[in-house]
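S.K.: generate coordinates for the sequence data below:
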Amino acid sequence: MRHSRSYLLHPLFIAGLLLLILNDHWLKYTYHNAITGKLSDFAGVFVLAIFLTACLRGQKTTASVITAILFIYWKLPVSQPLINWSNSILPVTIHRVVDYTDLAALTMLIPAYRLQPFQHGLSPVIKWTRTTAFIITIAAICATSARYNPPDYTFPDGYIPIGETYKTRLTTDRILYKLDSMQISYYTDSVMYFPAWTRNYFLRYQVPGDSAVKWQALNTLKDTAVLYRKEEIPFYVIPSFILEKDTVQNIRFRITDSGKKREIELISLCWSKSKQYKTYELIPILKKYNKLLKSLLLE
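M.R.: You can find the predicted model right below:
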C-alpha cells in the first residue's frame, strides 16, 4: 500500500485548528477572560506556521520567518492604516487588539518547527480530508479577526469605523474623570441607527374606500428615511470634539474589563470632510486621529 506524508492531517495540527475555531466562535464570547484572549494568538501562530510549511513543501525556516513577520506586523500599530483602508471598502470589518504581550505567542513557532509530517494512505477519503483541512484552515485564519456586518444596513456619509482596541491599567472612573477634567461632554448609549438597504423593500398599503392593494418602493419615497436600529453592548459617545482643527462628531468608544486591565475599543467617529479625500489619502489622517484619541483617553 502506497503512503504519503502531510502536515495538514497531523493530529496536533487538526487539534490546533479546532481550538482556534472553537475559541473564535464560542469561548471568547462565553468566557471573556485573559485565557480566551490569548488562546487564538497561540493557536493561530501554530496553525499558520504549519499551514505555510505545507504550502511551501516543507520549508520550515521560511514558513517560520513569514509567520513571525506577519504576526508582528499584525500586532503593531503600523498595521492600522491597512486595517482602516480595508474597513473602508469591504463589508467585513477587521478587528484586532494592540497588546504587545500577545507576541509571546511566537513561542509556538518552536513546536510548529519540530512537528513532523503525518504519514497516511492515498485513498480518496484521505485526499478529500486533506483538501477539506486546507479550505477550513484558510477560512479560520481569515475569520479570526473579522467581524461581519449584517447586510441590512450601510454606513452613513462621514461614518468612519475605527476598530482599534487598547489595553490599560487605568480604571473606568479614572478614564472618565480625565474627560470630565477637560470639560469634554459624553454620554452612554447602546443603540446606533444606520441607513437601511431599501432597494428590495416595498411599502404595502390600501387607500381608504379602495379595496385594491398598492405597493410603493421604499427607495422612491421622498423626504422619508428608513433606518436600521442596531443594539450593541453599551458604549460611550463624545458628541463633538476638535482633532487637529477638525471637528468630529459622535466619537464612540467602549470600556470593558479584561482581568486586571481594561480594554478601550475605539469604535467609530463621524467626520464631514471624509468625502473630500480618497481612500489612500485618508490613511495618514486616520492614523493621526487614532493617536490623538488614544492620548485623549489613556495618557
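
S.K.: average pLDDT across stretch 206-222?
M.R.: What stretch 206-222 shows for mean pLDDT is 82.

S.K.: mind listing what's buried in that stretch?
M.R.: residue 218 (16 or more other C-beta atoms under 10 Å). Glycine gets a C-beta too; all of them are placed from N, C-alpha and C.

S.K.: contacts made by it with the rest, please.
M.R.: Residues from elsewhere that reach stretch 206-222 (C-beta atoms under 8 Å, 6 or more residues apart in numbering): 198, 199, 201, 202, 203, 204, 205, 224, 226.

S.K.: what's the closest of those residues to residue 35?
M.R.: For these, the minimum distance to residue 35 (C-beta to C-beta) is 42.9 Å, reached by residue 226.

S.K.: doesn't residue 198 make contact with the closest one?
M.R.: Yes - assessed by C-beta atoms under 8 Å, residue 226 is found in contact with residue 198 at 5.1 Å.

S.K.: that older thread, most neighbours out of the contacts of stretch 206-222, which is it?
M.R.: When those are compared by neighbour count (other C-beta atoms under 10 Å), residue 198 ends up highest, at 16 neighbours.

S.K.: now, the contacts of stretch 206-222 that are in strands?
M.R.: Using DSSP state E, the members of the contacts of stretch 206-222 that fall within strands are 202, 203, 204, 205.

S.K.: out of those, flag the one nearest to residue 177.
M.R.: Among these, and counting by C-beta to C-beta, the member closest to residue 177 is residue 203, at 48.9 Å.

S.K.: where do the strands of this protein begin and end?
M.R.: Listed in chain order, the strands of the chain (DSSP E) span residues 3-6, 92-94, 96-98, 118-121, 146-148, 159-168, 187-195, 202-206, 213-217, 227-243, 246-258, 261-270.

S.K.: per-residue confidence averaged over the fifth one?
M.R.: The average pLDDT for strand 146-148 rounds to 55.

S.K.: what's the answer for the second one, then?
M.R.: Predicted confidence along strand 92-94 averages 69 (mean pLDDT).

S.K.: same question for the first one.
M.R.: Per-residue pLDDT values over strand 3-6 give a mean of 65.

S.K.: do the last one as well
M.R.: Along strand 261-270, the predicted local confidence has a mean pLDDT of 86.
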